[in-house]
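1. sequence and predicted structure, then a few things I'm wondering about:
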Amino acid sequence: MQDKIKNLINDALKNLGIEENNFVVEHPEDLKNGDYSTNVAMVCAKKLKMNPKDLAQKITNELSLERAVLSKVEAVGGFINFYLSQEFFVSSIEKIIKNPKFGENTNLAGKKFFIEHTQPNPFKEFHIGHLMNNAIGEAMVRIVKDSGAEVKVASYHGDKGLHVAKAIWGFLKEKNWQMSYALGAKAYEEGAEAKKEIEDLNKKIYGENDEEINKIYAEGRKISFDYFESIYRKLDSHFDFHFYESEAGDIGKKLVLDNMGKVFEDSEGAVVFKGENFEPKTHTRVFLNSEKLPTYEAKEVGLAQIKKDKYKYDESLTITANEQDAFFKVVEVAIGEVFPELKGKLKHISHGMLRLPSGKMSSRTGDVITAESLIETVKEKTKGDESVAIAAIKYMILRQAIGGDIIFDIEKSVSTEGDSGPYLQYATVRANSVLEKGKEENLLPSTKVDDSWATIEIEKLLYKFPEVVLYSAQKYEPHHIVNYLTDLARSYNSFYGNNKIIDKSDASSPYKLALTSAFATVMRNGLYLLGIKVPEKM
């Protein structure tokens with residue numbers, strides 16, 4: 001519809017001998033100001049040295065009004081407001097109820113994406129930071145797929161390293177995997193003897209030359225990944241690939257050494273990448289330490305090779321906490337120098353931290369807030385319904401722009417009266433219940449409506465859903481969908497509260513059911529994009 005209105009404006013400008021493409025057509029904040037509004041007169045008036053108000057009226061007079069789409073166009077000040085017709089809204093409702101996948105678009109058709117998210121490390125807990133990352137990542141995957149792209153999803157795990165040695169040391173002491181990492185991490189920092197034992201153990205793990213340690217490592221690794229899979233099932237999250245630091249390290253080291261003198265250079269026995277020589281806003285980072293062992297930076301270069309070999313993509317998104325912003329600014333530049341064909345294809349999306357009112361957590365001290373413990377805590381507030389608890393958590397994570405920290409308020413998260421995941425679920429369940437009751441009374445949705453029907457707010461919201469999905473995909477910002485669904489649910493609940501929807505004596509009852517059906521479709525599709533399931537009952 002935006003394109004159609006832009007074309008009408010361009011035709012009017014052509015008739016007036018005006019050339020201008022730098023104007024916008026968008027939804028006004030207040031529906032009283034029309035369904036669309038344009039600043040074209042404001043943009044052109046300055047160049048033409050005209051009064052914006054007069055020019056707006058002049059352009060309006062030249063607009064060809066398509067009655068099947070527009071009921072009114074008016075100039076207000078320097079803006080032009082467009083009001084969609086009743087025929088348009090009725091037609092849009094019909095399109096929605098006939099298309100179960102309403103909201104999909106083809107904006108990214110033909111494009112291939114690699115999306116990496118969650119990244120829990122074996123031998124450590126799957127904490128609420130991973131939960132936050134997973135909610136954002138899974139939503140991003142679904143939104144990009146719904147825009148027509150082919151998507152492969154990966155998670156990257158640190159399956160070898162000092163944290164593994166700490167966990168295995170802790171297990172050898174207590175034979176309990178649950179607290180092994182916290183025990184080892186505490187001992188490493190507090191005692192020189194334990195520190196040396198853990199460092200020796202780390203060498204054995206890397207060397208794979210101790211049969212007993214190899215067996216314990218394999219057992220702990222399997223327990224960890226089985227545990228992660230159980231959480232992915234709860235979250236309805238799926239991965240095509242799992243990549244590991246143990247495989248990326250050797251590849252990364254070789255790539256760094258192969259590019260010595262061109263990309264990387266020696267520095268006091270270590271190998272560094274002087275990012276500032278390639279991109280002024282970056283800095284120097286170590287890629288091989290003084291013992292020529294690969295750092296996280298070198299492993300990321302190795303991971304780039306692995307991804308490139310696995311799947312030829314057009315764009316690769318990596319989602320992490322914003323604590324890694326500086327790391328990725330340098331590493332992405334380095335990868336672009338090692339693999340010039342990847343320049344411009346790598347995008348890092350960072351988010352803030354998920355916190356409870358008690359403050360930040362630490363896996364080192366053992367006071368980690370695990371994903372499971374948060375789900376169980378919220379579940380207690382939702383009468384034991386896990387899908388509602390997960391909806392509550394995901395909504396709180398996804399409702400604001402990615403980047404800032406989130407203080408998780410449990411009471412607000414489970415409210416069915418305000419902005420929450422359960423509120424959206426409840427509105428959808430209510431609509432489904434209305435449709436079922438309509439069937440029982442032999443009343444079915446219909447888009448036949450007489451002239452007495454006056455367009456209402458929910459009609460002015462429903463047709464916008466594909467635009468919101470498209471915008472979210474273009475910006476990689478799921479919160480636009482959350483905000484839209486919240487407004488939509490609020491509008492439907494108001495409609496429900498002020499209307500008797502099922503009434504055989506009311507000629508408009510079938511159309512009210514059509515609105516309910518369209519609402520249920522949009523909510524179901526929108527919640528799916530957020531990774532939220534709709535329960536049968538609440």
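-> Yes, it's here.
2. the lowest-mean-pLDDT helix or strand in the chain pairs with which strands, parallel or anti?
-> When the helices and strands of the chain are scored by mean pLDDT, DSSP states H and E, strand 354-355 comes last with a mean of 88. In the sheet, strand 354-355 lines up against strand 406-407 (parallel) (DSSP bridges).
3. contacts only, for the spatially closest residue to Asp146 that is not a sequence neighbour.
-> Excluding the flanking residues, the one nearest Asp146 by Cβ to Cβ, 6 or more residues apart in numbering is Glu104, at 5.2 Å. In short, each C-beta sits where N, CA and C put it, glycine included. Taking Cβ atoms under 8 Å, 6 or more residues apart in numbering as the contact definition, Glu104 lies against Asp146, Ser147, Gly148, Pro466, Val469.
4. next one: Glu104 from Pro466, what distance?
-> To Pro466, Glu104 is 8 Å away according to Cβ to Cβ, to the nearest Å.
5. what's near enough to touch the residue lying closest to Leu31 once chain neighbours are set aside?
-> Once flanking residues are discounted, Leu31 sits nearest to Lys460: 5.6 Å by Cβ to Cβ, 6+ apart. The contact partners of Lys460, by Cβ under 8 Å, 6+ apart, come to Leu31, Asp35, Leu84, Phe89.
6. pull out the buried residues from the residues you listed.
-> Asp35, Leu84, Phe89 (16 or more other Cβ atoms under 10 Å).
7. surely the second one is in contact with Lys72?
-> No - no contact is recorded between Leu84 and Lys72 when judged using Cβ atoms under 8 Å, the distance being 9.2 Å.
8. can you name the residues bridging to Arg355?
-> Going by DSSP bridges, Arg355 forms beta bridges with Ile407.
9. just name the closest of the contacts of Lys460 to Lys379, please.
-> The shortest approach to Lys379 among the contacts of Lys460 belongs to Leu31, at 38.2 Å (Cβ to Cβ).
10. that closest one contacts Ile458, doesn't it?
-> No - with contact defined as Cβ under 8 Å, Leu31 does not count as touching Ile458 (11.1 Å).
11. ok so, going back, what's in contact with the least confident helix or strand of the chain?
-> Ile128, Gly129, Leu131, Met132, Met361, Ile397, Asp405, Ile406, Ile407, Phe408.
12. which two among those residues are spaced furthest apart?
-> It's Met361 and Ile397 that sit farthest apart of the contacts of strand 354-355, by Cβ to Cβ, at 15.6 Å.
13. more neighbours: these two, which one.
-> Per other Cβ atoms under 10 Å, whichever of Met361 and Ile397 has more neighbours is Ile397, with 28 against 20.
14. for the more buried one, give me its contacts.
-> Ile397 touches Leu131, Met132, Ala135, Ile136, Leu354, Ile406, counting by Cβ under 8 Å, 6+ apart.
15. what of His351?
-> Contacts of His351 (Cβ under 8 Å, 6+ apart): Met132, Asn133, Ile136, Ile319, Thr320, Ala321, Asn322, Ile402, Gly403.
16. 10 Å - rerun?
-> 129, 132-133, 135-137, 319-322, 397, 400-406 (Cβ atoms under 10 Å, 6 or more residues apart in numbering).
17. any of these buried? List them.
-> 129, 132-133, 135-137, 319-322, 397, 402, 406.
18. my guess is Asp504 meets Glu441, correct?
-> In this structure residue 504 is Lys, not Asp. Yes - using Cβ atoms under 10 Å, Lys504 is in contact with Glu441, at 6.9 Å.
19. and Glu323, how far from Gly129?
-> For Glu323 relative to Gly129 (Cβ to Cβ), the value is 9 Å.
20. now Asn525: phi and psi?
-> Torsion angles at Asn525 (phi, psi; degrees, to the nearest 10) stand at phi -70, psi -40.
21. so for whichever helix or strand comes after the least confident helix or strand of the chain, mean pLDDT?
-> On the C-terminal side of strand 354-355, the nearest following helix or strand under DSSP states H and E is helix 371-381. Taken as a whole, helix 371-381 has a mean pLDDT of 93.
22. now whichever helix or strand comes after helix 371-381: buried residues?
-> For helix 371-381, the following helix or strand on the C-terminal side (DSSP H and E) is helix 386-398. In terms of neighbour count (16+ other Cβ under 10 Å), helix 386-398 has its buried residues at Ser387, Val388, Ala389, Ile390, Ala391, Ala392, Ile393, Lys394, Tyr395, Met396, Ile397, Leu398.
23. CA atoms only: put helix 386-398 into PDB for me.
-> What follows is helix 386-398, C-alpha atoms only, in PDB (Å, rounded to 0.1, in the frame of the first residue of the first chain):
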ATOM      1  CA  GLU A 386       5.500 -24.300  30.900                       C
ATOM      2  CA  SER A 387       4.500 -22.800  27.500                       C
ATOM      3  CA  VAL A 388       3.000 -19.800  29.300                       C
ATOM      4  CA  ALA A 389       6.100 -19.400  31.500                       C
ATOM      5  CA  ILE A 390       8.400 -19.400  28.500                       C
ATOM      6  CA  ALA A 391       6.100 -16.900  26.700                       C
ATOM      7  CA  ALA A 392       6.400 -14.600  29.700                       C
ATOM      8  CA  ILE A 393      10.200 -14.800  29.600                       C
ATOM      9  CA  LYS A 394      10.500 -14.400  25.900                       C
ATOM     10  CA  TYR A 395       8.200 -11.400  25.800                       C
ATOM     11  CA  MET A 396      10.200  -9.600  28.500                       C
ATOM     12  CA  ILE A 397      13.400 -10.200  26.500                       C
ATOM     13  CA  LEU A 398      12.000  -9.300  23.100                       C
END
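24. how big is the angle separating it from helix 371-381?
-> 110 degrees (axes from the mean of the first three to the mean of the last three Cα atoms, to 10 degrees).
25. and helix 386-398, what's its mean pLDDT?
-> 97.
26. wait, Ser420 touches Ala392, no?
-> Yes - counting by Cβ under 10 Å, Ser420 touches Ala392, with 6.0 Å between them.
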